[in-house]
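Participant: need a structure here:
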Amino acid sequence: MEDPARFVPGADPESLHGYQWKTLFLPEGTILKSWSYGENNYARVQGDQIIHNGRAVSPNQFAQSFARSTRNAWQDLFIRRPGDKTFKIACRLRDELIAASKTPAPAPAAIPPLPVASERALPVPQAPQPASATLRNTDCEPGWDLPERRKFRYRLEDVAF
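Facilitator: Got it, this is the predicted structure:
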């Protein structure tokens with residue numbers, strides 16, 4: 001709620017009304033919608049309350065009022081604030097608010113370039129030497145010195161279940 005006037009252009013923060021739903025502020029005139037059993041249900045923010053069927057409710061009470069099961073209001077309610085063109089699900093609005101509140105880390109200070117003379121003094125990085133192939137025990141029988149072609153140590157058919 002850093003800048004509540006950003007929802008309604010030209011609004012005075014002292015006279016701004018709305019419903020504070022945890023971290024999400026719903027300004028006056030916001031419409032809440034939920035779809036349940038084939039029909040849409042609506043509520044509106046009037047003053048500092050959410051009004052549904054003529055009585056003040058919380059977002060959770062609105063989500064539960066027409067459902068026959070337990071509902072998560074963040075996942076169930078779609079919100080259209082004044083100035084929005086479409087409805088957005090409440091959890092997305094909450095996530096956008098969290099992302100906007102996180103400030104990016106300050107950029108690290110620029111490191112001045114090294115002088116040309118010191119660049120020549122630095123050792124040139126070299127690629128690591130390839131690991132030598134492990135030698136197999138060849139003293140058992142002929143053919144053990146051939147390269148391994150199996151991808152797996154055991155065949156699936158050989159594994160006892």
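Participant: For the closest residue to residue 76 other than its chain neighbours, give its distance to residue 157.
Facilitator: Excluding its sequence neighbours, the residue lying closest to residue 76 (CB to CB, 6 or more residues apart in numbering) is residue 63, at 4.6 Å. (Each C-beta comes from the backbone N, C-alpha and C, glycine too.) From residue 63 across to residue 157, the span is 55 Å (CB to CB, to the nearest Å).
Participant: repeat for residue 80
Facilitator: Taken as CB to CB, the span from residue 80 to residue 157 is 61 Å.
Participant: Next: residue 43.
Facilitator: Taking CB to CB, one finds residue 43 at 63 Å from residue 157.
Participant: For the two, indicate the residue with more neighbours.
Facilitator: A side-by-side neighbour count of residue 43 and residue 157, using other CB atoms under 10 Å, places residue 43 first with 23 against 5.
Participant: quick one, what contacts that one?
Facilitator: Residue 43 makes contact with 31, 32, 50, 51, 52, 57, 62, according to CB atoms under 8 Å, 6 or more residues apart in numbering.
Participant: now, among the residues you listed, which is nearest to residue 94?
Facilitator: Proximity of those to residue 94, judged by CB to CB, is greatest for residue 32, which lies at 13.9 Å.
Participant: so what's that closest one scoring on pLDDT?
Facilitator: Here the pLDDT value assigned to residue 32 is 96.
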